[in-house]
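# here is the input, now give the coordinates:
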Amino acid sequence: MKRGKKTEEEAVAAEEGENETGAASVKKAKKAKEPEAPVLYEDPPDKLTSQDGRSANTKITSWNVDGLRAWVKKKGLDWVREEAPDVLCLQETKCADKDLPADITSMPEYPHKYWAASQGKEGYSG
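Modelled structure (predicted):
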């Protein structure tokens, strides 16, 4: 069925907030835009000793980056360099070996690197 033009009465009622039954219509308030999440996670407090007083000697960092190139753009490498882990594990990179950012492949802090990318689907993380 084709919609016709509004009559003058219908137009006035719509401006005054009434619906077809004559009752006032309730307008939904627009949601406020949520603030953007911070680019980097908050650094954990430095823990130089264990609970029993022994000094820490190996630091391992594991991060589900959900896309390596975007993570690099969001200054993820700055956080890694600041934390200086001994072992760095990055999951869900969604990046083929040939597409790895130069910032990642040329990190002298980590001379031993291993990359495992999906062979069947490019950009696939599972």
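
# the strands in the protein, which residues?
Secondary structure of the chain (DSSP state E): strands at 60-64, 87-91.

# burial count for residue 112?
Residues lying near residue 112 (other Cβ atoms under 10 Å) number 5. From N, CA and C alone the C-beta is placed, and that goes for glycine too.

# roughly how far apart are it and residue 32?
48 Å (Cβ to Cβ, to the nearest Å).

# same deal with residue 50?
From residue 50 to residue 32 the distance is 45 Å (Cβ to Cβ).

# and if you look at residue 53?
Counting by Cβ to Cβ - residue 53 and residue 32 are separated by 49 Å.

# how close does the nearest residue to residue 76 once chain neighbours are set aside get to residue 106?
Nearest non-adjacent residue to residue 76, counting by Cβ to Cβ, 6 or more residues apart in numbering: residue 65, 6.4 Å away. Going from residue 65 to residue 106 by Cβ to Cβ gives 18 Å.

# higher neighbour count, these two?
Ranked by neighbour count (other Cβ under 10 Å), residue 65 and residue 106 place residue 65 first, with 18 against 9.

# nothing else from me, thank you.
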